[in-house]
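> Following is a predicted model, sequence given first.
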Amino acid sequence: MNSIRPFIRCAVTLTAALSIQASDWPEYRGPTHDGRSPESISKAWPVGGPRQVWKIPSEGGFSSFAVGGGRCFTIVPRDKDGAKMESLVGLDTETGKELWATPLTVARYDGGANDGAEGNNGGDGPRSTPAVDGNRVYSLSSKLVLQCFNAADGSVVWSRDVMKEHAGAELRWQNAQSPVIDGNGIFLAGGGPGQSLLAINKKDGAVLWKGFDEKMTHATCVPATIHGKRQVIFFVQSGLISVDAITGKELWRYAHTWKVSTAASPVVSGDIVYCSSGYGVGGGAARISKSGNDWNATRIYFKDSNKPLANHWSTPVLHEGHLYGMFQFKEYGKGPVKCVDIATGEVKWEQPGFGPGNVIYTDGHILALADDGRLVLFKATPSGYQEVASADVLDGKCWTTPVISGGRVYARSTKEAVCLDVSLKSASR
């Protein structure tokens, strides 16, 4: 382990919680890194769907929204001086008006076969989601350039090029992981030997710690507390590796086969960690144990690609011991949502017709964005699929994650972006 700095203190979760307003959705997996919203929303949608606050063109890519401080942020491809560039954009949450746009890097996603579904030689555009923290917003480009910007005007505060400064190597289809903020640290993978996993100081871009010889995947890491220890779980090509969030010291490993791409994040339930990938692999779970200073990850179950636990890039959410999400591989337009017991891998129920979209949890319900632009609300219960509300809200391909912030849903497709009023008071209008 190199350059270990015990800088991220044990106030990690408390500090993060205090810096985030209750209505913010500050990064890819939300305020608690697990796809769960603390808000309650209306379950009684009007005929035709929730009231549209605004809808704007927003072409290209699968970057979702980060919302905070009256602004929402995403990454889109833009033409600049004859070249297609990834651009970080800041929008006004009330009107959808673009406040600023800052170019990041050339938008090319080489390495994927154009199969007609994934399109454009492996990508329709950026797929990393920015993160907002107070008056700053952070992005991680497809070329692994981590940058910090002023959230008010998009001006650059600091920049760190992982490829150049940490001997990083490109991944097929390029980077898809999103920057993860926990305490003072931004966590990511992508460096070279001896520095493949990184913690970066969110204030000035300095290295807090670095280490390991792992090869990155497209999956975003997950901070979690297991057996009282704050840790960060990376899904790399060798499987899962968990490190101490403060020092970067390895805690435990769990082997998982890698083929072509792994893009869904791990899911934590107490001392159980679930992970899954497509391309003929499958999914399963490990139980994490600790004896003294020794950690161990023991397989509970694994189901290969002939069984029903493949998550392509759609990370499921957890509620009361059950996973809810899109369990499928390239079943565009028809793949099911499923309810799965995380402790056993047993499928409790499944409902077809969603494709590889994404889900979040809110107030006993699952909010799902199907790949055809349908927004669906159903109960988070293992007793059976119980749809509560549904509306067609977007045109274009929807492989992004819907988010909830301040009683509103923010969502994107490859053609447009929308903001919808789902506040409790909207039900009485």
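Happy to help now that I have it.
> Start from the N-terminal end of the chain and give the helices.
12-19, 162-165 (DSSP state H).
> mean pLDDT for those helices: which is lowest?
For the helices of the chain, mean pLDDT drops lowest on helix 12-19, to a mean of 40.
> all strands of the stretch 201-350 of the chain, in order?
Along the stretch 201-350 of the chain, the stretches classed as strands by DSSP state E, counting those that start in this stretch are 207-211, 222-226, 229-236, 239-244, 250-255, 267-269, 272-277, 282-291, 294-304, 317-319, 322-326, 337-341, 347-351.
> and stretch 415-424, how far out from the chain's middle?
Put simply, stretch 415-424 sits 19 Å off its chain's centre (CA atoms, centre = their mean, to the nearest Å).
> can you give me the mean pLDDT across it?
Taken as a whole, stretch 415-424 has an average pLDDT of 96.
> which secondary element of the protein has the worst mean pLDDT?
The helix or strand of the chain with the lowest confidence, counting by mean pLDDT, DSSP states H and E, is helix 12-19 at a mean of 40.
> Okay, buried residues for stretch 278-287 please.
Neighbour-count burial for stretch 278-287 flags 278-279, 281-286 (criterion: 16 or more other CB atoms under 10 Å). For the C-beta atoms, the positions are set from N, CA and C on the backbone; glycine is no exception.
> what about residue 94, how many neighbours?
By other CB atoms under 10 Å, the residues close to residue 94 number 12.
> show me what contacts it?
The contact partners of residue 94, taken as CB atoms under 8 Å, 6 or more residues apart in numbering, are 53, 70.
> rerun at 10 Å
Residue 94 makes contact with 53-54, 70-71, 408, 419 under the criterion CB atoms under 10 Å, 6 or more residues apart in numbering.
> buried subset of these?
Among the contacts of residue 94, those classed as buried by 16+ other CB under 10 Å are 53-54, 71, 408, 419.
> Show me the two of these that sit farthest apart.
Spatial extent of the buried ones among the contacts of residue 94 (CB to CB) is set by the pair 53 and 71 at 14.4 Å.
> what's the most distant pair in the buried residues of stretch 278-287?
Within these, two members stand farthest from each other by CB to CB: 279 and 286, at 20.5 Å.
> Report the beta-bridge partners for the nearest residue to residue 78 once chain neighbours are set aside.
Leaving aside its sequence neighbours, residue 78 sits nearest to residue 87 (CB to CB, 6 or more residues apart in numbering; 4.2 Å). For residue 87, the beta-bridge partners are residue 76, residue 103 (DSSP bridges).
> what's the spacing between residue 87 and residue 242?
From residue 87 across to residue 242, the span is 34 Å (CB to CB, to the nearest Å).
> Ok, residue 308 next?
With the distance defined as CB to CB, residue 308 ends up 27 Å from residue 242.
> which one of those two has more residues nearby?
Comparing residue 308 with residue 242 by other CB under 10 Å, the one with more neighbours is residue 242, at 25 against 16.
> can I assume that one is in contact with residue 271?
No: taking contacts as CB atoms under 10 Å, residue 242 lies outside contact range of residue 271: 11.8 Å.
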